[in-house]
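[1] give the three-dimensional model of this entry:
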Amino acid sequence: MVNNSSDCFRECEFPAKPRLCEFEFTVTWWYTLAAACTDCPDVREDCSAYRCYSVDGSRRPILTVNEMSPGPSIQVCHGDTIRVKVKNELQDGSSLTIHWHGIHQFNTVWRSDDYSMPHTKFVADPPGTHWWHSHVGVQRGLLVL
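    The predicted model follows:
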């Protein structure tokens, strides 16, 4: 499965030679200022520790995707087919959807831009910079992008 590897993260060419680009997102709850932060914010260097999300200096839940916040970037060329497989590991059993901003959803299932299925598939169109986020209740504000 391609995950921003050299097969899809490449110099785009014209005329386009579209590829199938597959990604896996594993979604989990995490906390800001968790154990990985040790003495953050009192010791500033600790705030840069791996898996330390200091955010605004208060402890609160956030969603992470592939143990990252912000989540992973999808960088492909115009016309590539993007397939994202989502593994929901939210420990509290919460449902999950992902909303894709700015991406045309032609020839996809209805409301595919706001999906809760185990995977979604769409064509990278139009070209440009777009973003994605969770689209369930309070999760909208908990995924730091």
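[2] in stretch 83-96, what's buried?
    Neighbour counts over stretch 83-96 (16 or more other Cβ atoms under 10 Å) mark 83-84, 86, 96 as buried. Bear in mind the C-beta positions are built from the backbone N, C-alpha and C, glycine included.
[3] any chance of CSV for those residues, columns distance to residue 134?
    Conversion of the buried residues of stretch 83-96 to CSV gives the following (distance: Cβ to Cβ, whole Å):
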residue, distance to residue 134
83, 19
84, 13
86, 10
96, 6
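[4] among these, which ones are in strands?
    Using DSSP state E, 83-84, 86 are the members of the buried residues of stretch 83-96 that sit in strands.
[5] same list, these, but as TSV with distance to residue 130 and pLDDT please.
    As requested, these are arranged in TSV below (distance: Cβ to Cβ, whole Å; pLDDT from 0 to 100):
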residue	distance to residue 130	pLDDT
83	16	90
84	13	89
86	17	88
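[6] residue 39: which of the residues you listed is nearest?
    Proximity of those to residue 39 (Cβ to Cβ) peaks at residue 86, which lies at 34.6 Å.
[7] in what helix or strand does the residue nearest the centre of the chain lie?
    For the chain, the residue sitting closest to the mean C-alpha position, by Cα atoms, centre = their mean, is residue 71 at 4.0 Å. Here residue 71, judged by DSSP states H and E, is contained in no helix and no strand.
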